[in-house]
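Colleague: using only what follows, build the 3D model:
(chains A, B, C, D, E and F)
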There are 4 protein chains.
Amino acid sequence: MQYSHTMGQRKTTPANRERIIQVAADLIRNNGIDNTTLADIAMAVGISKGTLYYYYATKGDLIFDVAERHMTNMTNRIFRWLESSGTSLPPRKVFRMVLDTVMHSKSRGLIHIYLLQEALTENPNLRKRFVEEYGRWRELIEEGLARIYRDSADHSAMAGVLLSTIDGLVLQRLIGVERLPIDSIAAFFESAVPPATPE
Amino acid sequence: MQYSHTMGQRKTTPANRERIIQVAADLIRNNGIDNTTLADIAMAVGISKGTLYYYYATKGDLIFDVAERHMTNMTNRIFRWLESSGTSLPPRKVFRMVLDTVMHSKSRGLIHIYLLQEALTENPNLRKRFVEEYGRWRELIEEGLARIYRDSADHSAMAGVLLSTIDGLVLQRLIGVERLPIDSIAAFFESAVPPATPE
Amino acid sequence: MQYSHTMGQRKTTPANRERIIQVAADLIRNNGIDNTTLADIAMAVGISKGTLYYYYATKGDLIFDVAERHMTNMTNRIFRWLESSGTSLPPRKVFRMVLDTVMHSKSRGLIHIYLLQEALTENPNLRKRFVEEYGRWRELIEEGLARIYRDSADHSAMAGVLLSTIDGLVLQRLIGVERLPIDSIAAFFESAVPPATPE
Amino acid sequence: MQYSHTMGQRKTTPANRERIIQVAADLIRNNGIDNTTLADIAMAVGISKGTLYYYYATKGDLIFDVAERHMTNMTNRIFRWLESSGTSLPPRKVFRMVLDTVMHSKSRGLIHIYLLQEALTENPNLRKRFVEEYGRWRELIEEGLARIYRDSADHSAMAGVLLSTIDGLVLQRLIGVERLPIDSIAAFFESAVPPATPE
DNA sequence: GATGAATGAGTTTTCATTCAT
DNA sequence: AATGAATGAAAACTCATTCAT
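Modeller: Numbering: from 1, shown residues only, chains lettered A, B, ... in the order given. Just a heads-up that it's a prediction; the model follows:
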């Protein structure tokens, strides 16, 4: 209702789902999954617990959708990065950009960890989704590297390292490690020569 | 540390504490922190819940000690690696060794993530401890790199990347990402030339 | 009866009512009354919960109709038996027939018990209906016995026993008692001589 | 035993369990199982819901114990009847006694039905117990009949009928059928001649 | 006639924590 | 040191019912 800007909308349902996911994501970001109760979410959305149940049969189902949304956001973010990597920016800048982006979205990072945890302990389906998505992310990053270096070398290792490094840095960022040497890390990646490909 | 009230404790106490920590760590590894109840721990140790409270005033306190123990283990592990990096092994082997070690201790990795999560959401003190320890780990790794390369270049960036990569890889390993290209990642690190230091 | 507001109802209404009752009976048979939700029924019928409420103001009302239908079925069944008891079959066969019929309709039995329970705990009106109907059943059975024995003795006791036995056997059948000696029970009834009537 | 009048009692636990079962049985008798909440039971016993959980991990577990107790009571009752059947009372009186006993313990009957229902729909274990116990009851009744008739004829059919009749009569009693012809039913059983045994 | 949406009162269950002995 | 017993606050989930359209 409050977010239906368009006229032609038939049902309020999608809008409500949307709001629930959004609000739930916010609460989870701030308090973690376990500390976010369905009552909290319902109240924040402005509906009753019963209504929440009307939209989601289970807390797990809701979390799943929140995670789905989160992954989509991440993927989109990488896509945008991918486009910028085609430009003539020097590699170091491009790396710096990636790392910066990730680093500074502390909240994104936080929810990422929470959701991974949930996937690990409670929700096998969610875990499968994460595995899929991680695969996709690595491919995208690899493609980005190919554009940056404009060659056909095998960048899979670097892509793997880059992806892992990002997660690892996010983790450290979250727990509050200061002075993460982002600059020199970007430089490190720039300096790393792709292994000679026999091709 | 904070729980040793008297000096003259009978020796059973530390032994009991020891067992509690050990058992708690195991349970947490397998089920996560939230799915490990104090009743579970007490039963697995073979004592009553009441007795558990004799040793630990709070679940959080117990978790803290478990984490402390976990960090000590990690640090020791890195120490051992440090020693081996002084040998004349080619760098690639040394990198491979680090990554392997971490990769294959899936259970260590799991508990690491659980504890980080706890530190993040519930236990600020624990978070501080992690920050400290991450700092130490980076220094140790840096030192190891210095030994490997036998130079006085600044390896802090690489150390940062290595540490982050490890965490990131553990994360992916845990959620079940297959085909992590450990070998080529090790090669990648070997090939990475430390940035020229103006020093 | 109590729900037909107008005379000129379109013919779809009774048909819908019919389907609702049928479907509800099936679900109750399989899951019990408490485990059958209105949502289940609506979904199985292919209508919305709201529509269900158009036909039945209350879950209790629906159950009442289901019970009504069930009782009618039972009564009809006894009627059919009644007719067969006029034939020249030997009494033992006739008894065997009754018992068999009841025994083998396990599903009928189940719903019978569920509805009795409901009548007992939730629905006084339904209880009254059961009392009425039980009276009718006994009379019918008595009439059947008179036909079998072609005399004017008082068969009310035997009718009472027969009716009770049937319910009791159904109960045991339902909970899974094996080896119910139906044959010898039929023989037992045959051998039982009606008490000498001073008439 | 049940209220531990003895001095040597160690723990209060058995006494508490006892009270819980007792109180639960009462509430169930009056309201049915589904209408008896754990909160009701806890309040009636004078303990907290948490404490109730301390004694019974599950509502089903508690019901199971209530049922166990109920069955024991029934069995004891039959035992006592068994003893009296050895006396020189005329058979009719003995039958009358059984029926009367059962008839007049309306509350026993109610809980019996409730528990059967539970066994049927929710608790397979309980169902097995009932099957066992029904078998035992039939044997006991058979033994009683042998004593009454002081012969070695096969009374299993009559025992089966008697047991079923009792359940059936209880059922009718519960729903409020008036004028159950107990007297003539007793007479009916007396008049029933056991089938000639070729022995 | 029909329905999707919303609700709230209730239910079982969980579990860290306390405490008298 | 040790423990059994007790607790209460909270959490997820259920579902009959209502109602505007």
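
Colleague: can you list the domain ranges for chain A.
Modeller: Listed by automatic domain parsing, the domain ranges of chain A are A:1-57, A:58-191.

Colleague: pick the most deeply packed of the ones you listed.
Modeller: domain A:58-191 (a mean of 18; mean count of other CB atoms under 10 Å in any protein chain shown). Quick note: C-beta positions are derived from backbone N, CA and C, even for glycine.

Colleague: related to what we said a few turns ago, lowest average pLDDT across the domains of chain A?
Modeller: For the domains of chain A, the stretch scoring lowest in mean pLDDT is domain A:1-57; its value is a mean of 82.

Colleague: coming back round to it: any chance of the domains of chain A in JSON lines, with distance to DNA strand E too?
Modeller: As requested, the domains of chain A are exported to JSON lines (distance: least, CB to the nearest atom of the strand, whole Å):
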{"stretch": "domain A:1-57", "distance to DNA strand E": "2"}
{"stretch": "domain A:58-191", "distance to DNA strand E": "12"}
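
Colleague: what's the closest of those domains to B:Asn123?
Modeller: Smallest distance to B:Asn123 across the domains of chain A (CB to CB): 10.9 Å, for domain A:58-191.

Colleague: sorry, back to before: and chain B, which of the domains of chain A is closest to it?
Modeller: Between chain B and the domains of chain A, the tightest spacing by CB to the nearest CB is seen for domain A:58-191, at 2.8 Å.

Colleague: and the closest one, does that touch DNA strand F?
Modeller: Yes - judged by CB under 7 Å from any atom of the strand, domain A:58-191 comes into contact with DNA strand F at A:58-60.

Colleague: what about the helices in chain A?
Modeller: For chain A, the helices defined by DSSP state H occupy A:13-31, A:38-45, A:49-55, A:59-85, A:91-104, A:106-121, A:124-149, A:156-175, A:182-191.

Colleague: now render those helices as TSV, adding distance to D:Asp100.
Modeller: Compiled in TSV, the helices of chain A are given as follows (distance: least, CB to CB, whole Å):
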stretch	distance to D:Asp100
helix A:13-31	63
helix A:38-45	55
helix A:49-55	51
helix A:59-85	56
helix A:91-104	83
helix A:106-121	61
helix A:124-149	60
helix A:156-175	76
helix A:182-191	91
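
Colleague: out of those helices, the one nearest C:Gly50 is which?
Modeller: Comparing the helices of chain A by CB to CB, helix A:49-55 comes nearest, at 13.1 Å.

Colleague: quickly note the distance from the residue positioned nearest the centre of chain A to D:Thr58.
Modeller: In chain A, the centroid-proximal residue (CA atoms, centre = their mean) is A:Met74; its distance is 3.5 Å. Per CB to CB, to the nearest Å, A:Met74 is found 42 Å from D:Thr58.

Colleague: what's near enough to touch A:Pro91?
Modeller: Applying CB atoms under 8 Å, 6 or more residues apart in numbering or on different chains to A:Pro91 gives the contacts A:148-149, A:189-190.

Colleague: now for the residues you listed: which two are most distant?
Modeller: A:Tyr149 and A:Phe189 (11.4 Å).

Colleague: tell me the spacing between A:Asn31 and A:Ile63.
Modeller: Taken as CB to CB, the span from A:Asn31 to A:Ile63 is 13 Å.

Colleague: I meant A:Ile41, not that one.
Modeller: 10 Å.

Colleague: tell me the contacts of the nearest residue to A:Ala67 once chain neighbours are set aside?
Modeller: Among residues not flanking A:Ala67 along the chain, A:Leu115 sits closest, at 4.5 Å (CB to CB, 6 or more residues apart in numbering or on different chains). By CB under 8 Å, 6+ apart, the contact set of A:Leu115 is A:28, A:33, A:63, A:66-67, A:70, A:126, A:130.

Colleague: again with A:Leu52
Modeller: With the criterion set at CB under 8 Å, 6+ apart, A:Leu52 makes contact with A:20, A:38, A:41-42, A:45, A:62.

Colleague: can you put the residues you listed in CSV and add distance to chain D?
Modeller: Shown next, in CSV, are those (distance: CB to the nearest CB, whole Å):
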residue, distance to chain D
A:Ile20, 31
A:Leu38, 21
A:Ile41, 26
A:Ala42, 23
A:Val45, 29
A:Leu62, 27
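
Colleague: let me know the closest of these to D:Met158.
Modeller: Of those, the one sitting nearest to D:Met158 (CB to CB) turns out to be A:Leu38, at 59.3 Å.

Colleague: test my guess that the closest one contacts A:Lys59.
Modeller: Yes - with contact defined as CB atoms under 8 Å, A:Leu38 reaches A:Lys59; the gap is 5.9 Å.

Colleague: where's the nearest residue to A:Asp100 once chain neighbours are set aside relative to chain D, distance?
Modeller: Sequence neighbours aside, A:Ile182 is the residue nearest to A:Asp100 in space, at 6.7 Å (criterion: CB to CB, 6+ apart). Distance, A:Ile182 to chain D, using CB to the nearest CB, to the nearest Å: 51 Å.

Colleague: can you check A:Ile111 too?
Modeller: In this structure, A:Ile111 and chain D are 34 Å apart, going by CB to the nearest CB.

Colleague: many thanks, have a good one.
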